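Asker: Pasted the sequence and its predicted model underneath.
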Amino acid sequence: MIIKKMILTIKQFNMLNITDNRIHTNINLEQFPALAKVEKKKSGKVLLRLTIFFFITALICMFLPWTQNVTSKGNINTLRPDQRPQSINSILPGRIEKWFVQEGDQVKKGDTILFLSEIKDNYFDPDLLSRTQSQIKAKELSVSSYIEKVKALDNQIGGLAVRRKLERQQLLNKLIQAQLLVTSDSIELEAAALKYSTASTQYDRIKKMYAEGLKSLTDMENRELVLQNSLSAKIAKENKLLASKNKVINAKIELNSIDTKYQNDISKAESDKYTALSAMYDAEGTVTKMQNQYSNYSIRSGLYYITAPQDGYVTRVIQSGIGETIKPGAEILTIMPVSYDLIIEMYIDPIDLPLIQTGQVVRIQFEGWPAIVFSGWPNTSYGTYGGKVYAIDNFISSNGKYRVLVAPDENEAPWPKALRVGSNTSNILLLKDVPVWYELWRKINDFPPDFYNGSQNEQKAKQ
């Protein structure tokens, strides 16, 4: 089809010259200067030369280097969390009594910003701290009293133990004496029994001899009297032995009784001691609780004055007026720190995430700063600033992209001092250098950019 169209075009041009009669031979061209200029102009040759020139220029441009890049919008933030704008909140509920600052003021760390007064009836007493301190001292004296009582009970228990030991030793001695007395009375009883047995034998012999007429009646009566005396002595010794045994039993009873008596007294004293200890521990717990309460009161009294947490500028006052009440945790104002390290937050698509590495070069165009940007030739751009990839988030953000932090490049010109947190930026992450024809071929085929290898670029730069 294209060849047929070219043939028809040539035929149309030949149709204009179907005869040998020419117009310019019958017309004086000097009478028509404009027609003379048109006839003399060699526009076809010029067009051909221009076409060849542009073709050669385009062919040369195809081999020029082109820097692959990933573009993204971003905003300025601070590197450290404590350098970002922060809100100052009220820890306590209170009523605004006096303001010491206004919007735009510069404050230093510890400067007073606002004074609040108390609105809870539990803390209305102006002498709350001194009264609480007096209560603590009274409780501490109560603890000391309980300690002294415990010491007295310990002494009492010790005295009872010593006394029980002495009395028990006394009763043991008495028991030993009674036991020895039993032994002595047993021996005497044995002797009396032996005498009675001897007297009984002698009486039987005398009685037999009296029956035979060998002894007189008087002898027999005397021997009978001796027998009765020995029997009486034996019975007496038996009574004495029983009395000694009763003394042993009585000593044992007294020993058991004294143990029981002192054990009861010691148990009662120990019970009183533990009662005093329990009361002492309760008093100590109360003292600790009151000391904690005193510390809370003391800290609370210092929170009536709201101070600046760091050096900065008062940017916006949220609560206003005098006499208005605020709730605990309510925002009062915001402060922007004086000194801060800027960083850029930009978001890239997940498909471009593998191409980004820490330390990668970034060209930045700040909003409000004029710039001429050629994304493929960053060295020819004007008005852009340098940066390096500082960190890359490992988790995706709520907008479906990954956040990349860009810090200033120390080898480039410093960022403008007039930059403010929150300003927008246009960022170009520089990747691999390739020819223009390769980039066009990649775009036509919708291929992703090549992986950026910073180590190879550093080796080339060193070479």
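Answerer: Arrived safely, thanks for sending.
Asker: Any buried residues in stretch 336-351, and which?
Answerer: For stretch 336-351, the neighbour count (16 or more other CB atoms under 10 Å) marks M336, P337, Y340, L342, I343, I344, E345, M346, Y347, I348 as buried. The C-beta positions use only the backbone N, C-alpha and C, and glycine is treated the same way.
Asker: quick one: it to chain centroid distance?
Answerer: 27 Å (CA atoms, centre = their mean, to the nearest Å).
Asker: hey, where'd the strands end up in the chain?
Answerer: Under the criterion DSSP state E, strands of the chain are mapped to 65-78, 86-89, 94-99, 106-107, 112-117, 305-307, 312-317, 325-326, 331-337, 342-348, 361-366, 385-392, 402-408, 424-435.
Asker: Show me the strands paired with the longest one, marking each as parallel or antiparallel.
Answerer: Just to be clear, that refers to strand 65-78. strand 342-348 (antiparallel), strand 424-435 (antiparallel) (DSSP bridges).
Asker: least reliable of these going by mean pLDDT?
Answerer: Out of the strands paired with strand 65-78, strand 424-435 stands lowest, with a mean of 74 (criterion: mean pLDDT).
Asker: circling back to that earlier point, tell me which of the strands paired with strand 65-78 sits nearest to I56.
Answerer: The minimum distance between I56 and these falls on strand 424-435, with 16.5 Å, by CB to CB.
Asker: For I147, give its distance to Y281.
Answerer: Computed with CB to CB, to the nearest Å, the distance linking I147 and Y281 is 11 Å.
Asker: let me fix that: K165
Answerer: Distance, K165 to Y281, by CB to CB: 31 Å.
Asker: Show me where the chain dips below the pLDDT cut-off.
Answerer: Per-residue confidence for the chain (pLDDT under 70) gives these ranges: 1-46, 66-69, 371-383, 431-436, 438-439, 442-443, 445-463.
Asker: sorry, back to before: tabulate the strands of the chain (CSV), appending distance to N250.
Answerer: What follows is these, written out as CSV (distance: least, CB to CB, whole Å):
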stretch, distance to N250
strand 65-78, 97
strand 86-89, 85
strand 94-99, 83
strand 106-107, 94
strand 112-117, 83
strand 305-307, 84
strand 312-317, 95
strand 325-326, 86
strand 331-337, 90
strand 342-348, 101
strand 361-366, 110
strand 385-392, 97
strand 402-408, 99
strand 424-435, 110
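Asker: what's the most buried one of those?
Answerer: For the strands of the chain, the largest average neighbour count (mean count of other CB atoms under 10 Å) is found in strand 361-366, namely a mean of 23.
Asker: Tell me which of the strands paired with strand 65-78 approaches R205 most closely.
Answerer: Closest to R205 of the strands paired with strand 65-78, according to CB to CB: strand 342-348, at 138.9 Å.
Asker: who's sitting farthest from the centroid in this structure?
Answerer: Ranked by distance from the centre of the chain (CA atoms, centre = their mean), the top residue is G213, with 125.4 Å.
Asker: Specify the beta-bridge partners of the closest residue to Y385 other than its chain neighbours.
Answerer: Nearest non-adjacent residue to Y385, counting by CB to CB, 6 or more residues apart in numbering: I364, 4.8 Å away. Per DSSP bridges, the residues bridged to I364 are Y385, N427.
Asker: contacting residues around I364?
Answerer: Contacts of I364 were listed using CB atoms under 8 Å, 6 or more residues apart in numbering, and they are I344, T384, Y385, G386, G387, V406, W415, T425, S426, N427, I428.
Asker: I'd like these as TSV, with distance to G74 appended.
Answerer: As requested, these are exported to TSV (distance: CB to CB, whole Å):
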residue	distance to G74
I344	5
T384	13
Y385	13
G386	15
G387	10
V406	7
W415	13
T425	5
S426	8
N427	5
I428	11
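Asker: now, among the residues you listed, which is nearest to K327?
Answerer: I344 (36.9 Å).
Asker: gap between the residue farthest from the centre of the chain and S87?
Answerer: For G213, the distance to S87 equals 145 Å [CB to CB].
Asker: Please apply the same query to T71.
Answerer: 34 Å.
Asker: Please apply the same query to Y196.
Answerer: In terms of CB to CB, Y196 sits 118 Å off from S87.
Asker: and the closest residue to K215 other than its chain neighbours, how many residues sit next to it?
Answerer: Nearest non-adjacent residue to K215, counting by CB to CB, 6+ apart: M209, 4.3 Å away. As a burial measure, M209 scores 15 neighbours (other CB atoms under 10 Å).
Asker: didn't V317 look like it was pressed against L114?
Answerer: No - V317 is beyond contact range of L114, at 9.4 Å (criterion: CB atoms under 8 Å).
Asker: Now the common contact residues for the two.
Answerer: Counting by CB under 8 Å, 6+ apart, the contacts common to V317 and L114 are I332.
Asker: how is this structure carved up into domains?
Answerer: 2-53, 67-81+341-462, 86-118+304-337, 128-302 (automatic domain parsing).
Asker: Just tell me which of these ends up closest to L59.
Answerer: Shortest distance between L59 and the domains of the chain, using CB to CB, is found for domain 67-81+341-462: 9.3 Å.
Asker: ok, back up a step: would a markdown table of the domains of the chain with distance to L59 be doable?
Answerer: Converted to a markdown table, these look like this (distance: least, CB to CB, whole Å):
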| stretch | distance to L59 |
| --- | --- |
| domain 2-53 | 10 |
| domain 67-81+341-462 | 9 |
| domain 86-118+304-337 | 55 |
| domain 128-302 | 79 |
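Asker: To C61, which of the ones you listed lies closest?
Answerer: Proximity to C61 (CB to CB) singles out domain 67-81+341-462 among the domains of the chain, at 5.9 Å.
Asker: any idea how far the spatially closest residue to I147 that is not a sequence neighbour is from A152?
Answerer: Nearest non-adjacent residue to I147, counting by CB to CB, 6+ apart: M280, 6.2 Å away. Per CB to CB, M280 is found 13 Å from A152.
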